[in-house]
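**Q** coordinates only, sequence not included:
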C-alpha cells in the first residue's frame, strides 16, 4: 500500500473558486485586516466599511453574488491572493478535519482538487506533517 504523506500526493488546487462561494466568509484577525487594507492601499477604516461585515464580534469579508467579495468572477482567482487570510490559505486542509471525519467527507465532496484515491488517513497524515513542519520552523 502506498502511503500518501505529502500535499502533492493528495491535493492539487484546480483554481475553481468553489471554496470562495457560500453565505459566509472567514473571520479576519486584526493583523489580517491591516494586511489586506495595506495591500489594497486604503485605510483600515475604509477597508472595513467597503469590504467587511461585522457578525457578532467577528469581522468577515462581505458576500457579493453568493461569493467572497474578493473572488474574481472573470478568472476564478482571489483578488487578494498574496495577502489572503490564513483560513483561506489552509483550505481545504483545515485542521478540524483531524477531529471530524464528517468535516473531511463534506470538504471532499465540495472540492475537486483531492486525488480520487486519497483516504481519510492520508489526509490526516498530511495535515499532521504540515503542522509539524510549521512547529519546526518556529
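**A** That came through, no problem. Nothing here was measured: the structure is a model prediction, and the numbers come from that model.
**Q** Just confirm residue 53 is within a helix.
**A** No - according to DSSP: H, G, I helix; E, B strand; the rest coil, residue 53 belongs to no helix; its state is strand.
**Q** Residue 104 versus that one, what's the distance?
**A** The spacing between residue 53 and residue 104, counted by C-beta to C-beta, to the nearest Å, is 29 Å. Every C-beta, even on glycine, is put in place using the N, C-alpha and C of the backbone.
**Q** Quick one: neighbours of residue 118, just the number.
**A** 16 (other C-beta atoms under 10 Å).
**Q** What's the local residue count around the closest residue to it other than its chain neighbours?
**A** Spatial nearest neighbour of residue 118, chain neighbours left out: residue 10 (4.4 Å); criterion: C-beta to C-beta, 6 or more residues apart in numbering. Using other C-beta under 10 Å, residue 10 has 20 other residues around it.
**Q** same question, residue 82
**A** Residue 82 sits with 8 neighbouring residues when counted by other C-beta under 10 Å.
**Q** Residue ranges in the chain under the pLDDT threshold?
**A** For the chain, the stretches with pLDDT under 70 are 1-5, 134-138.
**Q** which residues of it fall in helices?
**A** When secondary structure is read from DSSP state H, the chain shows helices at 7-10, 30-40, 44-51, 86-90, 101-110, 120-137.
**Q** Flag every buried residue along the longest one.
**A** This points to helix 120-137. 122-127 (16 or more other C-beta atoms under 10 Å).
**Q** can you list the residues that contact that helix?
**A** Under the contact criterion C-beta atoms under 8 Å, 6 or more residues apart in numbering, helix 120-137 has outside partners 3-7, 9-11, 93, 95, 97-98, 101, 104, 114.
**Q** Name the nearest residue to the spatially most central residue of the chain, sequence neighbours excluded.
**A** Geometric centre of the chain, nearest residue: residue 88, 2.1 Å, by C-alpha atoms, centre = their mean. In space, not counting the residues next to it along the chain, residue 88 is nearest to residue 26; the distance is 6.1 Å by C-beta to C-beta, 6+ apart.
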